[in-house]
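Student: Using only what follows, build the 3D model:
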Amino acid sequence: MTTPAASTNQPRRGNAVQRVAAPGSDYADLLHQVKAAGLLQRRHGYYLTKIAVTGGLFVAAWTCLAVLGDSWWQLLVAVFLAVIFTQIGFLGHDAGHRQIFRSKRANDLVGLLHANLAVGLSYGWWVDKHQRHHAHPNQEGRDPDLDIGALAFTTRQARAKRGPVTRFIARHQRCLLFPLLLLEAVQLHVSSVQALTGGRGLRHRWWEMLLLLLHAAGYLTAVLLVLSPLKAVAFIVVQQALFGLYLGCSFAPNHKGMPINATDDRTDFLRRQVLTARNVRGGWLVDFALGGLNYQIEHHLFPSMPRPNLRRAQPLVRSFCQQHDVSYCETALLRSYAQTLHHLHDVGRPLRVTTAA
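Tutor: The predicted structure is shown next:
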């Protein structure tokens, strides 16, 4: 099935998927062009520099904490660390997609050090969850990113809310989205611990648990040794809340408010990935701030493509979609948030009507 062509600001509805495109398919043709352009080749220099700079800033932030001492100015360090934690998370994301090295072992090592040790999130749990999202983006019942207890992304999910708190949130989720994102880091930490202690078959479970414990011990020891109890609590609350907000604001524009597919949809791989994703326009600052996730269409079509190559791939992919009458959604950052909030408001409408009645 095809949809009207175009680079457009409005999301279009599509179906969903075959996992691997057959030879001679549209996706196979696009993949051939991308490979011919060298866009799947590793960018070791870029990533080594990125890791070194981000790691240096990480060390500098903790050094500032030690130097400043017991001061309320430490809240600025907390803000800075929230940004650095998110940038480290982006590197863990790239490692999870094998964008950095060809070797799975090397990518896993980078991922474990960045996710578990540096920011306190389970790399194995997240990779498993994220791979399922990539396989079934915006597919109801199969995409784990649609299964978030605090929010409703379909009217069916909204109507299924039973508790007074969850129904209240679903009714007013347009207004509550960003406040809820302040708790996102806490939710990720809790989910990480649950995954590692719940007996799931994570490949590096014991290493992950050890690195997570080292992170928690190092983080809390550094904060509590330097700051008084009140300032320590304020530091942790600010740092973790802004870390979660930044992460959430980086992922929210990608799919929320785009078409949601039924469980039995069987659109081909290319259309499934393109029609359910939204790109965000912007220059180098948007690329940096969103960790390359603003090229969500290209990333979903070629998950192992190194981050700096996504911008180069975009004109090729956009042109290919136009030639094949596949809707290509691209918009500005603030407009992407507006579309997300509008979708959440629409989804909660049945509950508001019920309340009014």
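Student: What separation is there between the residue most central in space within the chain and Thr267?
Tutor: With distances taken as CA atoms, centre = their mean, Phe251 lies nearest the centre of the chain, 4.0 Å away. Taking CB to CB, to the nearest Å as the criterion, Phe251 is separated from Thr267 by 23 Å. In short, each C-beta sits where N, CA and C put it, glycine included.
Student: Tyr47: which element?
Tutor: helix 44-68 (DSSP states H and E).
Student: and the helix or strand that comes right after that helix, C-alpha only, in CSV?
Tutor: Using DSSP H and E, the helix or strand that directly follows helix 44-68 along the chain is helix 74-96. Output in CSV follows, covering the C-alpha atoms of helix 74-96 (Å, rounded to 0.1, in the frame of the first residue of the first chain):
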residue,chain,number,x,y,z
GLN,A,74,26.1,22.6,42.8
LEU,A,75,22.7,22.6,41.3
LEU,A,76,24.3,24.0,38.1
VAL,A,77,26.6,21.0,38.2
ALA,A,78,23.4,18.8,38.5
VAL,A,79,22.0,20.5,35.4
PHE,A,80,25.2,19.9,33.5
LEU,A,81,25.4,16.3,34.6
ALA,A,82,21.8,15.7,33.3
VAL,A,83,22.9,16.9,29.9
ILE,A,84,26.1,14.7,30.0
PHE,A,85,24.1,11.7,31.2
THR,A,86,21.8,12.0,28.2
GLN,A,87,24.7,12.4,25.8
ILE,A,88,26.2,9.3,27.3
GLY,A,89,22.9,7.5,26.8
PHE,A,90,23.0,8.4,23.1
LEU,A,91,26.3,6.6,22.9
GLY,A,92,24.9,3.6,24.6
HIS,A,93,22.0,3.7,22.1
ASP,A,94,24.5,3.7,19.2
ALA,A,95,26.4,0.9,20.7
GLY,A,96,23.2,-1.1,21.0
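Student: tell me what helix 74-96 is packed against?
Tutor: Helices and strands touching helix 74-96, as assessed by 3 or more CB pairs under 8 Å, 6 or more residues apart in numbering; DSSP states H and E, comprise helix 44-68, helix 104-112, helix 123-135, helix 229-255.
Student: quick one: the helices in the stretch 251-357 of the chain?
Tutor: Applying DSSP state H, counting those that start in this stretch to the stretch 251-357 of the chain gives helices spanning 269-275, 284-289, 296-301, 307-323, 333-347, 349-356.
Student: With mean pLDDT added, can I get those in JSON lines?
Tutor: Output for the helices of the stretch 251-357 of the chain, formatted as JSON lines (pLDDT from 0 to 100):
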{"stretch": "helix 269-275", "mean pLDDT": "96"}
{"stretch": "helix 284-289", "mean pLDDT": "96"}
{"stretch": "helix 296-301", "mean pLDDT": "98"}
{"stretch": "helix 307-323", "mean pLDDT": "97"}
{"stretch": "helix 333-347", "mean pLDDT": "95"}
{"stretch": "helix 349-356", "mean pLDDT": "75"}
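Student: what about stretch 138-156, distance to the chain center?
Tutor: Put simply, stretch 138-156 sits 15 Å off its chain's centre (CA atoms, centre = their mean, to the nearest Å).
Student: same thing with stretch 90-110?
Tutor: Centre-to-centre, stretch 90-110 and its host chain are 16 Å apart (CA atoms, centre = their mean).
Student: how about that stretch: buried residues?
Tutor: 90-101, 107-110 (16 or more other CB atoms under 10 Å).
Student: With respect to His134, which of these is nearest?
Tutor: Within these, the smallest distance to His134 is 8.4 Å, found for His97 (CB to CB).
Student: Return the distance of the closest one relative to Thr267.
Tutor: To Thr267, His97 is 22 Å away according to CB to CB.
Student: can you check Val186 too?
Tutor: Going from Val186 to Thr267 by CB to CB gives 36 Å.
Student: How about Val127?
Tutor: Note on Val127: its distance to Thr267, by CB to CB, is 25 Å.
Student: Distance from the chain centre to stretch 140-159, please.
Tutor: 16 Å.
Student: So for that stretch, first residue to last residue, what's the gap.
Tutor: 15 Å (CA to CA, to the nearest Å).
Student: pLDDT (mean, whole number) over it?
Tutor: Averaged over stretch 140-159, pLDDT sits at 89.
Student: which residues touch it?
Tutor: 129, 132-133, 135-139, 160-161, 166, 169-170, 173, 177, 180, 251, 255-256, 260-263, 343-344, 347-351 (CB atoms under 8 Å, 6 or more residues apart in numbering).
Student: Of the residues you listed, select the buried ones using a PyMOL command.
Tutor: To isolate the buried ones among the contacts of stretch 140-159 in PyMOL, judged by 16+ other CB under 10 Å, type:
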select buried, resi 129+133+136+137+138+139+161+166+169+170+173+177+180+251+255+256+260+261+343+344+347+348+350+351
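Student: where in the stretch 101-250 of the chain is pLDDT low?
Tutor: Within the stretch 101-250 of the chain, the set of residues satisfying pLDDT under 70 comprises 199-200.
Student: and if we set it to 90?
Tutor: 140-141, 147-150, 154-155, 159-163, 198-204 (pLDDT under 90).
Student: my read: Arg167 touches Pro350, true?
Tutor: No. In this structure, Arg167 is not within contact of Pro350 by CB atoms under 8 Å, at 10.6 Å.
Student: where's Gly120 relative to His189, distance?
Tutor: Using CB to CB, one gets 6 Å for the distance from Gly120 to His189.
Student: Who has more neighbours out of those two?
Tutor: Gly120 (23 against 20; other CB atoms under 10 Å).
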